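Asker: 3D model of this:
(one chain, ligands or ions: 3)
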Amino acid sequence: MTSTPRTIDVALGDRSYPVWIGPGLLNDHARWRAALRGRHALVISNTTVAPLYLDRVAEGLDGLTWSSFLIDDGEAHKTFANVGLALDALAQLGATRDACVVALGGGVVGDLAGFSAACWMRGIDFIQMPTTLLSMVDSSVGGKTGVNLPAGKNLVGAFHQPRAVIADTDTLATLPEREYRAGLAEVVKGAAIGDPAFFAWLEAHAAALNARQTGPLIEAIARKVQYKAGVVARDETEQGERALLNLGHTFGHALETAGKYKVLLHGEGVAVGMLLAAQLSERLGMSEAADTARLHRLLDAVGLPTAIPAGMDPAQLLALMRLDKKNLAGTLRLILWRGIGRAEIVGGVDEAQVMAVLEAAVR
Ligand SMILES: NC(=O)c1ccc[n+]([C@@H]2O[C@H](COP(=O)([O-])OP(=O)(O)OC[C@H]3O[C@@H](n4cnc5c(N)ncnc54)[C@H](O)[C@@H]3O)[C@@H](O)[C@H]2O)c1
Ligand SMILES: O=C(O)C(=O)C[C@@H](O)[C@H](O)[C@H](O)COP(=O)(O)O
Ligand SMILES: [Zn+2]
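Answerer: Ligands and ions are numbered 1, 2, ... in the order given. Predicted structure coming up:
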């Protein structure tokens, strides 16, 4: 038995789906098994998460024809090659069009599993079972799936919505500290983009969140998911407003890629990227120094990095930023900031100004 989970609906007409958040949900088989329509299931996970949680999922799959496909741990394995192997695993299973892919793990597993599901027979069901804070608050919701190329992050992918998201908060007990804090970056991001009251709440609850206190933690997850679900429902395929969810990401993805995924985690890149976006906005006369300082203090309070790691080359970072998917007509299009809770899409950003911010931030 589990306590009643928080439930948030992602409202997309006949493709709407629930996000369930709470303890014990992986064991609540009756709840999530109902989302599986056919006879076949492929659980995609990784070599760290599967030994911890695959048995809980396996019990719920009893009676189905299912198998698991495990990737090695880390962002460097979110590759086309692994999608190919996942598709081979679906073929091996004999998966028909009513099969379901189950993504058990963090955002790397979720993005790759979702993209594999989008590709198999031109699209089959998948469900998300996020096991990191970042994947609970962000990557499991909204249907962005895909993989990285050597040239950059998430350059290949598809919009493919899950049928359900099962966020069992008990799994966070085994999440390493650094990964937990990286997840907080995507929580801060949501508040910084569009929810000043939530930002103030985060400032007041930073210590409780650092201590992983259950009540504030579930509240923070639910508030961030609620916010993201609203944006996705209004603009599923990023024709407009959804791009705001990319605050800090043009800088952040460049930082991640430049470090070959060994220097900064995704959430850490986003934290540094948000501050760089705030500094650039201030430089362009869009926002106030006091707001940048407030963002800086909150990121510090939850233990996130705010500086570009030593040794990174501003020119390389700018080159990587030129391949961001938001760019149009060969010019930079960034998410900039008007202050707490107010982000904006800005096209044709002057590269010299971006370079000045990058150079000032290199330690
Ligand atoms: N699709 C989207 O909308 C979206 C949104 C945000 C981020 N992302 C993507 O998500 C990825 C980052 O996700 P992430 O931060 O979850 O990283 P991750 O998937 O690499 O997981 C982080 C680490 O935690 C381990 N782990 C996972 N769950 C665990 C648990 N319960 N206990 C112990 N260890 C556990 C993993 O094995 C890994 O080492 C990036 O690729 C990013 O681009 C996608
Ligand atoms: O859901 C979205 O939209 C986001 O932008 C969420 C981001 O946190 C996430 O990192 C996403 O994967 C970035 O997408 P991309 O389009 O920049 O590849
Ligand atoms: Zn992100």
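
Asker: up against ligand 2, what does the protein have?
Answerer: Within the chain, the positions near ligand 2 by C-beta under 6 Å from any ligand atom are 138, 142, 144, 154, 186, 238, 242, 245-246, 249, 325. No exception for glycine: its C-beta is placed from N, CA and C like everyone else's.

Asker: same thing but at 5 Å, please
Answerer: When proximity is defined by C-beta under 5 Å from any ligand atom, the chain lies next to ligand 2 at 138, 142, 144, 154, 242, 245-246, 249.

Asker: the residue in the stretch 151-300 of the chain that ligand 2 sits nearest to: neighbour count?
Answerer: Per C-beta to the nearest ligand atom, residue 154 is where the stretch 151-300 of the chain lies closest to ligand 2, at 3.2 Å. Using other C-beta atoms under 10 Å, residue 154 is surrounded by 18 other residues.

Asker: and if you look at the one 5 residues further on?
Answerer: Per other C-beta under 10 Å, the neighbour tally for residue 159 reads 15.

Asker: quick one: the helices in the stretch 151-300 of the chain?
Answerer: Under the criterion DSSP state H, counting those that start in this stretch, the stretch 151-300 of the chain contains helices at 177-194, 196-210, 214-234, 249-258, 266-283, 289-301.

Asker: Serialize these to CSV and add fields for mean pLDDT.
Answerer: Listed next are the helices of the stretch 151-300 of the chain as CSV, based on pLDDT from 0 to 100:
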stretch, mean pLDDT
helix 177-194, 98
helix 196-210, 98
helix 214-234, 98
helix 249-258, 97
helix 266-283, 98
helix 289-301, 98
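
Asker: with distance to residue 37 and mean neighbour count added, can I get these in CSV?
Answerer: Converted to CSV, those look like this (distance: least, C-beta to C-beta, whole Å; neighbours: other C-beta atoms under 10 Å):
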stretch, distance to residue 37, mean neighbour count
helix 177-194, 30, 24
helix 196-210, 36, 17
helix 214-234, 23, 20
helix 249-258, 34, 26
helix 266-283, 32, 26
helix 289-301, 42, 17
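
Asker: among the ones you listed, which is nearest residue 121?
Answerer: Ranking the helices of the stretch 151-300 of the chain by proximity to residue 121 (C-beta to C-beta) places helix 214-234 first, at 24.8 Å.

Asker: any idea how far the closest one is from the chain center?
Answerer: Between the centre of helix 214-234 and the centre of its chain there are 13 Å (C-alpha atoms, centre = their mean, to the nearest Å).

Asker: what of stretch 305-321?
Answerer: The chain centre lies 21 Å from the centre of stretch 305-321; the measure is C-alpha atoms, centre = their mean.

Asker: check the separation of the first and last residues in it.
Answerer: Terminal residues of stretch 305-321 are spaced 20 Å apart (C-alpha to C-alpha, to the nearest Å).

Asker: hmm, back to that, neighbour-wise, which of the residues of the chain next to ligand 2 leads?
Answerer: Highest neighbour count within the residues of the chain next to ligand 2: residue 138, with 28 neighbours (other C-beta under 10 Å).

Asker: not counting its neighbours along the chain, what's nearest that one?
Answerer: Nearest residue to residue 138, sequence neighbours excluded (C-beta to C-beta, 6 or more residues apart in numbering): residue 186, at 4.2 Å.

Asker: isn't that neighbour up against residue 136?
Answerer: No - Residue 186 is beyond contact range of residue 136, at 9.4 Å (criterion: C-beta atoms under 8 Å).

Asker: what's around residue 64, how many residues?
Answerer: Neighbour count of residue 64, defined by other C-beta under 10 Å: 14.

Asker: and for residue 36?
Answerer: Counted with other C-beta under 10 Å, residue 36 comes out at 21.

Asker: am I right that it is in contact with residue 126?
Answerer: No - at 10.1 Å, residue 36 does not count as touching residue 126 under the criterion of C-beta under 8 Å.

Asker: need the contact list for the residue nearest the centre of the chain.
Answerer: Against the mean C-alpha coordinate of the chain, by C-alpha atoms, centre = their mean, the closest residue is residue 139 at 3.1 Å. The contact partners of residue 139, taken as C-beta atoms under 8 Å, 6 or more residues apart in numbering, are 106-107, 110-111, 130.

Asker: same thing with residue 159?
Answerer: 143-145, 236-237.

Asker: any idea how far ligand 1 is from it?
Answerer: Taking C-beta to the nearest ligand atom, to the nearest Å as the measure, residue 159 falls 10 Å from ligand 1.

Asker: per-residue confidence for that residue?
Answerer: According to the prediction, residue 159 has pLDDT 98.

Asker: that older thread, the residues of the chain next to ligand 2 in strands, which ones?
Answerer: Among those, DSSP state E puts 144, 154 in strands.

Asker: just the residues of the chain next to ligand 2 that are near ligand 1?
Answerer: Filtering those for proximity to ligand 1 (criterion: C-beta under 5 Å from any ligand atom) leaves 138, 144.
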